[in-house]
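structure of the sequence below:
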Amino acid sequence: MKTKKIAASLMSLTLLGSLVACSPKQSGTEIYFLNFKPEIAEVYQKIADDYFEETGVKVKIQTAASGTYETTLKSEMAKSEAPTIFQINGPVGYQSWADYCANLKDTKLYSYLSDQSLAVSNADGVYGIPYVVEGYGIIYNNDIMEQYFALPDKAVAITSTEEITNFDLLKAVAEDMTAHKSDLGIEGVFASTSLGAGEQWRWQTHLANLPFYYEFMDNKDYDNTILAGLASKEINFTYEKNYQNIFDLYINNSATQPAMLGSKSVDDAMAEFALGKVAMVQNGNWAWSQINGVDGNVVKPESIKYLPIYTGMPGEDKQGLCIGTENYFAINSKVSKEKQDASIAFLEWLFSSDTGKAYVTNDLGFIAPFTTFKEDEKPADPLAKEVLRWMEKDVNSVAWTFAAFPSEDFKNDFGDALLEYAQGQKGWNEVIEVVKTSWASENAAKGN
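Predicted coordinates:
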């Protein structure tokens, strides 16, 4: 009798399994994801396998070889079974693929974004969803800052770094900390402004992002600062004074004399911060591995915090970190509505289900810009956590506008001029002229 019951149960389960497998909701639809990053292709295949086990929907994963994504995408889009999920390089990529990008404005995926301004959008809709972000700003060691704020003769009325919400306060604190260097046991407030050849990117790209972000924001013909920048054959460098504000503050309150900055590297700067020789350093969340890897590192993870890069812009108390990405998901508008919906459902599962989120954080290693991630589901390193914290504040992130810079030569011209300025060989007006002239000539060289 017992054997018959077991056999009957097994038959029932087999029948149920057959019905589930044949369910029209779970079979017959195959989605196709063309992946951009070869280094995580195996992880995506595991994700696809788990998704099939859970839903019965097959996800075909194909990965373009390194450096060939655009070429592969063009080839695959011409096929009858084209990718249903693909990736665009922000607003620039959207210009090329606008006819293939479905409007995602009404999706849960878009609603999950912690900062919806990061999406690729225009007045008509939302066409690219960022799925991994990075951020940069002024990293500070809160232990040193608390030591400063405890000084009985400090020159400012505020009592914590969190109260610094504009350039004037940042300047007052930094200059007073310089006056108290010996009391604080530091060699400078800011780590060395690395201006050696090949080491200038924090200034000619990341710091330069701010004045041009604001300049291109003033161009009301465009919804996006990158597109406005790409359309600008010439620049005014409208906010050069704001750039000079922060650059001067860095070099005049540094661990290294301005004239010697040409010998300094990014590694030097990060080591100064890790060893507690300085209180602050401008860099991105990728710098955690540098800080943590320095032999003799004394900075506690819980003491590492972020401030935005304040430059004296009106209303900058509402400015956040510089947040950006070159990685956006798009859905192919040319495939059937069924495949579009199934593709969106897969991405929503990836960034909202327990299984999907575990892959995102632990295997893909993304800082995912979605509200669906609980605190214990987010990256553990302190700088990543800070980027996420700032994204969830009531502030406006500064978009990565440097994608509009005309060339590497432009950036290098800018950086070399900054070095000569720091060394006293160029005046600031000469730096302005180099920047404006180089932008125009590099655009002209491209035929713009």
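
what pLDDT is listed against Gln26?
Looking at Gln26, its pLDDT is 46.

I should have written Phe149 there, sorry.
For Phe149, the pLDDT comes out at 98.

can you report how many residues lie near it?
Residues lying near Phe149 (other C-beta atoms under 10 Å) number 17. The C-beta positions use only the backbone N, C-alpha and C, and glycine is treated the same way.

surely Ala191 touches Leu261?
No: if you go by C-beta atoms under 8 Å, Ala191 and Leu261 don't touch, sitting 11.0 Å apart.

which one of the two is surrounded by more residues?
Ala191 (29 against 24).

so for that one, what's the pLDDT?
For Ala191, the model assigns a pLDDT of 97.

and it, how far is that from Gln319?
22 Å (C-beta to C-beta, to the nearest Å).

equivalent analysis for Val173, please.
Val173 is 17 Å from Gln319, by C-beta to C-beta.

what's the neighbour count on Ile144?
23.

helix or strand: which one has it?
helix 142-149 (DSSP states H and E).

surely Leu184 meets Lys277?
No: in this structure, Leu184 is not within contact of Lys277 by C-beta under 8 Å, at 10.6 Å.

find residues that contact each of these two.
When contacts are counted by C-beta atoms under 8 Å, 6 or more residues apart in numbering, Leu184 and Lys277 have no shared neighbour.

so where's this protein uncertain?
Along the chain, segments meeting pLDDT under 70 span 1-28, 448.

and it, what are its domains?
Listed domain ranges for the chain are 2-133+325-373, 135-323+399-445 (source: automatic domain parsing).

reformat those domains as TSV; add distance to Lys393.
Formatted as TSV, the domains of the chain follow (distance: least, C-beta to C-beta, whole Å):
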stretch	distance to Lys393
domain 2-133+325-373	10
domain 135-323+399-445	6
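
would you mind finding the most buried of those domains?
Of all the domains of the chain, domain 135-323+399-445 has the most neighbours on average by mean count of other C-beta atoms under 10 Å, namely a mean of 19.

from the centroid of this protein, which residue is nearest?
Centroid check for the chain by C-alpha atoms, centre = their mean gives Glu134 as the closest residue, at 2.5 Å.

hmm, Glu386 and that one touching each other?
No: with contact defined as C-beta under 8 Å, Glu134 does not reach Glu386; the gap is 11.8 Å.

overlap in contacts, these two.
Asn285.

distance between stretch 99-117 and the chain's centre?
18 Å (C-alpha atoms, centre = their mean, to the nearest Å).

what's in contact with that stretch?
Counting by C-beta under 8 Å, 6+ apart, 77, 86, 88, 94, 119-121, 124-130, 323, 329-334, 340, 344, 347-348, 351-352, 369-372, 388, 391-392, 396-397, 399 sit against stretch 99-117.

could you check the angle helix 142-149 makes with the helix or strand following the helix holding Ile144?
Next helix or strand after helix 142-149 toward the C-terminus (DSSP H and E): helix 167-179. Orientation of helix 167-179 against helix 142-149 (axes from the mean of the first three to the mean of the last three C-alpha atoms, to 10 degrees) gives an angle of 80 degrees.

adjust the sequence numbering to begin at 36 for everything that follows.
Right, with 36 as the first residue, what we last looked at is helix 202-214.

what is helix 202-214 packed up against?
helix 177-184, strand 223-225, helix 275-287 (3 or more C-beta pairs under 8 Å, 6 or more residues apart in numbering; DSSP states H and E).

let's see 7 Å
Judged by 3 or more C-beta pairs under 7 Å, 6 or more residues apart in numbering; DSSP states H and E, helix 202-214 is in contact with strand 223-225, helix 275-287.

report the separation between the residue nearest to the centre of the chain and Gly391.
Glu169 is 21 Å from Gly391, by C-beta to C-beta.

for Gln182, same thing?
Taken as C-beta to C-beta, the span from Gln182 to Gly391 is 43 Å.

for the closest residue to Glu412 other than its chain neighbours, what is the enclosing helix or strand?
Excluding the flanking residues, the one nearest Glu412 by C-beta to C-beta, 6 or more residues apart in numbering is Lys392, at 5.1 Å. Following DSSP H and E, the helix or strand that holds Lys392 is helix 389-393.

kindly report the same for Leu356.
Using DSSP H and E, the element containing Leu356 is strand 354-359.

please compute how far that strand lies from its chain's middle.
8 Å.

following it, which helix or strand shows up next?
Using DSSP H and E, the helix or strand that follows strand 354-359 towards the C-terminus is strand 363-366.

note down every partner strand of that following strand and its orientation.
Strand 363-366 pairs in its sheet with strand 120-123 (antiparallel), strand 160-165 (antiparallel), by DSSP bridges.

follow-up on the earlier one: what residues are up against the residue nearest to the centre of the chain?
Applying C-beta atoms under 7 Å, 6 or more residues apart in numbering to Glu169 gives the contacts Gly319, Asn320, Trp321, Gly359, Thr360, Ile402.

can you do 10 Å?
By C-beta atoms under 10 Å, 6 or more residues apart in numbering, Glu169 lies in contact with 319-321, 356-362, 401-402, 418-419, 422, 435.

likewise for Tyr363?
71, 121-126, 128-129, 136, 153-155, 162-167 are the contacts of Tyr363 under C-beta under 10 Å, 6+ apart.

cool, thanks, talk later.
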